[in-house]
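[1] Compute the structure for the input listed below.
(one chain, ligands or ions: 2)
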Amino acid sequence: MGKYKIKTLNGISESGLEKFGQNFEVGEKMDAPHGIILRSASLHEMEFPDSLHCIARAGAGVNNIPVDKCAEKGIVVFNTPGANANAVKELAIAAMLLSSRKIVEGINWTRSLTGDDVPKQVEKGKAQFVGPEIRDKKLGVIGLGAIGVMVANAAVNMEMDVYGYDPYISVDHAWGLSRSVKKANDLKKVFKHCDYITLHIPLTDETKGMLNKEAFAQMKEGVRIINLSRGELVNDADMIDALEAGIVSEYVTDFPNEKMINVPGVIPVPHLGASTPESENNCAVMAVLQTKDFLENGNIRNSVNFPVCDMGISIVKHRLTIAHKNIPKMLGQISAVLAEQGTNIANMINRSRGDYAYTMVDLEEEITDENVKRIKDIAGVLKVRVI
Ligand SMILES: NC(=O)C1=CN([C@@H]2O[C@H](COP(=O)(O)OP(=O)(O)OC[C@H]3O[C@@H](n4cnc5c(N)ncnc54)[C@H](O)[C@@H]3O)[C@@H](O)[C@H]2O)C=CC1
Ligand SMILES: O=C(O)C(=O)COP(=O)(O)O
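    Ligands and ions are numbered 1, 2, ... in the order given. Take a look at the predicted model:
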């Protein structure tokens, strides 16, 4: 076959793209791509061509991708877990300090000073920018994944009293969490006790609008809220009311919109969470290597809609990969087609995840086009590739 075609959306770091190598053609304009690599661009309105096998989000959040629609078409969606977590952790710490110490107002005021006695004006005027330290304050971390764990641990190191809430925490992340972080069994505990609350959860149907009127009503007066996760996790109208009422004293958001940018107490940041050279490189390298391994060998790592499935480098005549529904009799029907052709199966694995499954078959002989079509026609088969 010819070269694999990769379409890029958003600026993807060159240090990642160069890892594709000779077998790949990469560019913003690409007809009938086999893969797409992107950051935050929305794919919700995009029509996916039949050629498309995979989409890689160089980053964490996949709410810009119609993940279920992709699964239905057998398109594997990847992300790059943890690759930008340190960048977001550092901004979260900065955000807590920005929300406390009136740094932005102070800088803006200082820049407005004129005359030849600026040092004198500074000393006289600084009293208006007093703000509290974060040490000994209570911080609630909602979501203890790659970022939340790092933020919680860093806050412990800054001598904060940290509460963590995550009903779905993974074993690995639980292992990484400082023992000083207190477990909050419900959000009420976080809302009631915390002076700072930081969100590190994905945007899903469950989490949309999590911080709303009811939530604000339970919070400590003057709470500072950090949202480097997604704008829609917070109900904007309710946040504006909570700011006006003094329940929330400061709201740092990495996802500002036209309603919020000039509201007093809002500190709007232009989605800078992952904007460091280190995290842009990490994400791009991971997204590229996962895409390359999938297209060249059919292996799946870090997908958000298909299971982990890995048979190493393909060294046989042909490797067949089949994305299909997780329903009975699939393996039997696939192997029946191969048996009828008299083809020996050298190796085969099948993995499932929720409603979807993935099967890889190494064959010692070529499979005929007709038999590939027969496998494609099995009810429940979503996509078949011969590598
Ligand atoms: N501002 C930026 O540039 C960036 C923003 N993000 C956002 O941060 C989010 C988190 O990123 P990671 O920590 O890397 O993801 P992650 O998948 O490692 O962690 C998410 C955590 O949230 C937990 N969670 C899910 N639903 C929850 C709920 N209802 N209540 C409490 N916890 C819940 C999960 O169990 C998981 O531990 C991303 O989904 C993305 O939206 C991520 C990277 C950069
Ligand atoms: O990884 C994420 O979820 C982010 O929000 C980062 O977005 P970006 O890649 O900087 O457009």
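[2] Just the mean pLDDT for the host helix or strand of R319, thanks.
    Assigning secondary structure by DSSP states H and E places R319 in strand 318-325. Mean pLDDT, computed over strand 318-325, is 96.
[3] Can you verify my assumption that V104 contacts L98?
    Yes: between V104 and L98 there is a contact under CB atoms under 8 Å: 6.1 Å. Heads up, the C-betas are built off the backbone N, CA and C, glycines and all.
[4] what do these two both touch?
    Taking CB atoms under 8 Å, 6 or more residues apart in numbering as the contact criterion, the residues that touch both V104 and L98 are I267.
[5] what about those two, which has more around it?
    L98 (20 against 13; other CB atoms under 10 Å).
[6] and the more buried one, what helix or strand is that in?
    helix 85-101.
[7] which residues are contacting that helix?
    Against helix 85-101 from outside (CB under 8 Å, 6+ apart): 60, 103-104, 129, 131-134, 139, 146-147, 150-151, 154-155, 158, 196, 198, 200, 224-226, 228, 249-252, 254, 267, 269, 272-276, 278-279.
[8] Where does this protein get nearest to ligand 2, residue-wise?
    G59 (2.6 Å; CB to the nearest ligand atom).
[9] any idea how far that residue is from H200?
    The gap separating G59 from H200 is 14 Å, by CB to CB, to the nearest Å.
[10] Need phi/psi at the residue lying closest to A215 once chain neighbours are set aside.
    The shortest distance from A215 to any non-neighbouring residue, by CB to CB, 6 or more residues apart in numbering, is to F191 (6.0 Å). F191 adopts backbone torsions of phi -60, psi -40, taken as degrees, to the nearest 10.
[11] Over to D362?
    Per degrees, to the nearest 10, the backbone of D362 is at phi -100, psi 130.
[12] OK, contacts around it?
    Residues in contact with D362 (CB under 8 Å, 6+ apart) are 311, 314, 316, 318-320, 345-348.
[13] where exactly do the helices run in the stretch 51-200 of the chain?
    Secondary structure of the stretch 51-200 of the chain, counting by DSSP state H, counting those that start in this stretch: helices at 67-72, 85-101, 103-111, 118-125, 146-157, 171-176, 187-193.
[14] List the buried residues of the longest one.
    This points to helix 85-101. Using 16 or more other CB atoms under 10 Å as the test for burial, helix 85-101 gives 85-96, 98-101.
[15] How about stretch 295-306 and ligand 1, touching?
    No: on the criterion CB under 6 Å from any ligand atom, stretch 295-306 is out of touch with ligand 1, staying 9.2 Å away.
[16] who touches that stretch?
    4, 23, 34-35, 53-54, 62, 67-68, 70-71, 76-81, 286, 290, 293-294, 307-314, 319, 321, 323, 353, 356, 358, 360, 385, 387.
[17] Run the chain-centre distance for stretch 338-346.
    41 Å (CA atoms, centre = their mean, to the nearest Å).
[18] Which segments of the protein make up each domain?
    Following automatic domain parsing, one gets these domains for the chain: 1-83+277-306, 85-113+128-268, 309-387.
[19] how about the residues of the stretch 151-300 of the chain that lie near ligand 1?
    Residues of the stretch 151-300 of the chain lying near ligand 1 (CB under 6 Å from any ligand atom): 165-169, 173, 200-203, 206-207, 228-230, 254, 271, 273-274.
[20] Assign a three-state SS to I225, would you?
    Secondary structure state of I225, per DSSP: H, G, I helix; E, B strand; the rest coil, is strand.
[21] Could you pull up the residues touching it?
    99, 196-199, 211, 234, 239, 248, 250-252.
[22] So which of the residues you listed is the closest to Q333?
    Nearest to Q333 out of the contacts of I225 is L199 (CB to CB; 45.4 Å).
[23] Low-confidence ranges, the chain, go.
    1 (pLDDT under 70).
[24] Residues of it that sit close to ligand 2?
    By the rule CB under 6 Å from any ligand atom, the part of the chain lying against ligand 2 is 39-40, 59-61, 84, 273-275.
[25] where's the nearest residue to P49 once chain neighbours are set aside relative to S13, distance?
    With sequence-adjacent residues excluded and distances taken as CB to CB, 6+ apart, P49 is closest to A32, at 5.4 Å. Using CB to CB, A32 is found at 25 Å from S13.
[26] ok so, going back, I figured the residue nearest to A215 was touching Q218, is that so?
    Yes: here F191 reaches Q218: they are 3.9 Å apart, a contact under CB under 8 Å.
[27] More neighbours: which of these two?
    Comparing F191 with Q218 by neighbour count (other CB under 10 Å), the higher total belongs to F191, at 22 against 13.
[28] how far away is the more buried one from V223?
    Separation of F191 from V223 (CB to CB): 8 Å.
[29] Understood, closing this out.
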